[in-house]
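Colleague: Below is the sequence, then the predicted model.
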Amino acid sequence: MGRINLEELAKRNIIVFLDYYNITTESGEPLDFFNHPYLVDIFLDFSPKQVWLKAAQLGLSTTAILKTFFIVAKMGLDVIYSMPAASDLDDFVGGKLNRIVNMNERLRKLIGGTDNIKRKQIENGVVYFRGTMTERAAISVSADLYVCDEMDRSDLKVVEQYKSRLNHSKFEWEWYFSNPKIMNAGVHKKWQISTQNHWFVKCSHCGKWQYMSFPDSFHEADPSDKLDFDRYICKHCGKTISSNEIRNGKWIKKHKEAKFSGYWMPLWINPLKSAKDILEDYRNKPSDYFANFVCGLPAKDEGGEISENLIYQNCNNIKQEREGRVIIGCDSGITKHYTVGDSNGIFEYGKTTRMSDVENFLLKYPNSLLVMDAMPDITAPRELANKYPSRVFLCFYTGTSNNTELIKWNSKDHRVNADRSGLFQILVDELNAGSIIFENVAEYWADYVKHFNSTYRITEKNNRGMDVIKWECADGMDHWLHSLIYWRIGMDKNTVQAKILTNKRKVRTSPTIKQSLLNRIK
Ligand SMILES: [Zn+2]
């Protein structure tokens, strides 16, 4: 039997590598797997596609740095490693990464040639560090691995550009790490197509394996009981879960076959964090902070979430009377996506490449109204508007203004201006309130809902430091969503009362809402 050559094994196995070379953190502390047992499998996982949905304070930045170093040295990969902004890179590379390297002779030896904030040569591979906010043009280098750190604070359009730099690689590895911020977008969206590993612990009282979640795994001390204390509890028998039980946990996949290897890492998988620590954060921190940085989950963005459920929860297979003017909303382009409905709800949708199919609705429903965008080619929409005066309007989105008017009709020009963010919000609020009915069984809407799964709301500071709300689509699959917005704009012209929609303060009495209230009373 030959002797095991640890030096050789350290080239192949990262845990042996870390141990053999006594790799430490930036402050010279040895890596502590006793108190971070969940990190072992995270280190060992070199799946090409990875996603981490993570809380803060779990030692994951160090893990990301060391994993990247190891795999570049081992396989000679070229890597693009992005952080949200250039200033993040200064902290991350100039601060953390360089300090870890300085502490560890072995890592120093791996670096050769170029070594600066934007580029490090590690053995036969190169890591390019880049921001997503300030880069004017995505870099032209190609890469084998794209590491997207702090994805949910990054510009997701630039993230897509970096990802496209993998197209010529035989590897095409993608790793996404983030405190999740946005429901159904960013890292939370990748999580949904992942193995969804949860840290399972075994209750020593009833023997049941379970993953811990908030608030089900928590017991808050009863102030009137002096012997009671904040603690973790078993979801099944209610008895105490100890830090040792958390330490002896293991990762369990929810989906065995999934594109991404995914881990959900709430703060309580760290056995050093007590239930009291977590409950104190719950009581003292803002709710979105608690969700993102403690639970490792996107905050429930009340009214800011667009998903297929928004449509499904409003499906109703009862045939409605047709009432009022039929409105057709159409997102034009080579393929035209349309939504058709009236005061009693939406009853048809579809797509076509022929403008004549859209025109047929104007013929089929006398006095109907068509609202469509004028992009990318205004010629055909304008012809239709001239042919059906006062029945076809070309919609132009305007930015958020301080003007209270969300919709401005101009019959002479067949034109309607609409405040894009304001209309998104009204639509989402009305769908949440159950004010718009989608007639037919849920299966009928299966294609339609696909265009409601990648749009999300963000708040940005403008150049005057004011908060500006924006709705963005991650992948361009939002045509039916826009056609529904055009329908909603058209509803503004439906009745005299509908005019109320153009006044933000009175929007709650818009006709569709009133109709749904009436329906409930009936
Ligand atoms: Zn139990």
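Modeller: Alright, I've got the coordinates.

Colleague: just the helices in the stretch 351-500 of the chain please.
Modeller: Taking DSSP state H, counting those that start in this stretch to define them, one finds helices in the stretch 351-500 of the chain at 355-364, 379-387, 420-432, 479-491.

Colleague: just those: most buried one?
Modeller: Greatest average neighbour count among the helices of the stretch 351-500 of the chain goes to helix 479-491 (a mean of 26), per mean count of other CB atoms under 10 Å. No exception for glycine: its C-beta is placed from N, CA and C like everyone else's.

Colleague: and that one, average pLDDT?
Modeller: Helix 479-491 carries an average pLDDT of 96.

Colleague: and that helix, C-alpha only, in CSV?
Modeller: Coordinates of each C-alpha in helix 479-491 appear next as CSV, following Å, rounded to 0.1, in the frame of the first residue of the first chain:
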residue,chain,number,x,y,z
HIS,A,479,-45.5,41.2,-23.8
TRP,A,480,-48.9,40.0,-22.4
LEU,A,481,-48.2,41.9,-19.2
HIS,A,482,-47.9,45.1,-21.3
SER,A,483,-51.0,44.2,-23.4
LEU,A,484,-52.9,43.9,-20.1
ILE,A,485,-51.6,47.3,-19.1
TYR,A,486,-52.8,48.7,-22.5
TRP,A,487,-56.1,47.1,-21.8
ARG,A,488,-56.2,48.8,-18.4
ILE,A,489,-55.4,52.1,-20.0
GLY,A,490,-58.2,51.6,-22.4
MET,A,491,-60.6,50.9,-19.5
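
Colleague: between it and helix 420-432, how many degrees?
Modeller: Interaxial angle of helix 479-491 relative to helix 420-432 (axes from the mean of the first three to the mean of the last three CA atoms, to 10 degrees): 90 degrees.

Colleague: From the chain's centroid, how far away is helix 479-491?
Modeller: When distances are taken as CA atoms, centre = their mean, to the nearest Å, helix 479-491 is centred 23 Å away from the chain's centroid.

Colleague: Please identify the residues of the stretch 201-350 of the chain in proximity to the ion?
Modeller: Proximity of the stretch 201-350 of the chain to the ion, by CB under 5 Å from the ion, involves residues 203, 205-206, 234, 236-237.

Colleague: Identify whichever of the helices of the stretch 351-500 of the chain lies nearest to the ion.
Modeller: Nearest of those to the ion, taken as CB to the ion: helix 420-432 at 37.3 Å.

Colleague: Let me have the helices of the stretch 351-500 of the chain in JSON lines, extended by distance to residue 127.
Modeller: Below are the helices of the stretch 351-500 of the chain laid out as JSON lines (distance: least, CB to CB, whole Å):
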{"stretch": "helix 355-364", "distance to residue 127": "51"}
{"stretch": "helix 379-387", "distance to residue 127": "49"}
{"stretch": "helix 420-432", "distance to residue 127": "38"}
{"stretch": "helix 479-491", "distance to residue 127": "38"}
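
Colleague: Which of those sits closest to residue 111?
Modeller: Nearest to residue 111 among the helices of the stretch 351-500 of the chain is helix 420-432 (46.6 Å), distances taken as CB to CB.

Colleague: what about the residue in the stretch 301-450 of the chain positioned nearest to the ion, helix or strand, and which?
Modeller: Taking CB to the ion, the ion has its nearest neighbour within the stretch 301-450 of the chain at residue 309, 32.6 Å off. Element membership for residue 309 (DSSP states H and E) is helix 308-312.

Colleague: tell me the mean pLDDT for that helix?
Modeller: Averaging pLDDT along helix 308-312 gives 90.

Colleague: next SSE after that helix?
Modeller: strand 315-316.

Colleague: Against which helices or strands is the next helix or strand after that next one packed?
Modeller: Of the helices and strands lying after strand 315-316 in sequence (DSSP H and E), the nearest is strand 327-331. Secondary-structure packing of strand 327-331 (3 or more CB pairs under 8 Å, 6 or more residues apart in numbering; DSSP states H and E): strand 336-342, helix 355-364, strand 369-373, helix 479-491.

Colleague: For the third one, give the mean pLDDT please.
Modeller: Pointing back at strand 369-373 there. Averaging pLDDT along strand 369-373 yields 96.

Colleague: let's number from 753 now, not from 1
Modeller: Noted, 753 is the first residue going forward, which turns the last one into strand 1121-1125.

Colleague: hmm, who's touching it?
Modeller: Residues outside strand 1121-1125 that contact it (CB atoms under 8 Å, 6 or more residues apart in numbering): 1077-1084, 1088, 1110, 1113-1114, 1133, 1136, 1140, 1143-1149, 1168, 1234, 1238-1239, 1241-1242, 1245-1246.

Colleague: please redo it, this time with the cut-off set to 7 Å
Modeller: Residues outside strand 1121-1125 that contact it (CB atoms under 7 Å, 6 or more residues apart in numbering): 1077, 1079-1084, 1110, 1114, 1133, 1143-1147, 1168, 1238, 1241-1242, 1245.

Colleague: rewinding a little: for residue 857, which of the helices of the stretch 1103-1252 of the chain is the nearest?
Modeller: helix 1172-1184 (53.8 Å).

Colleague: Please name every helix or strand in contact with that closest one.
Modeller: When contacts are defined as 3 or more CB pairs under 7 Å, 6 or more residues apart in numbering; DSSP states H and E, helix 1172-1184 sits against strand 1219-1225, helix 1231-1243.

Colleague: roughly how far is the helix or strand that contains residue 815 from the heart of the chain?
Modeller: For residue 815, the element it lies in under DSSP H and E is helix 812-827. Distance, stretch centre to chain centre, for helix 812-827: 25 Å (CA atoms, centre = their mean).

Colleague: Run me through the strand neighbours of the helix or strand just after it, direction for each.
Modeller: Next helix or strand after helix 812-827 toward the C-terminus (DSSP H and E): strand 831-835. Next to strand 831-835 in the sheet, as set by DSSP bridges, lie strand 877-883 (parallel), strand 897-901 (parallel).
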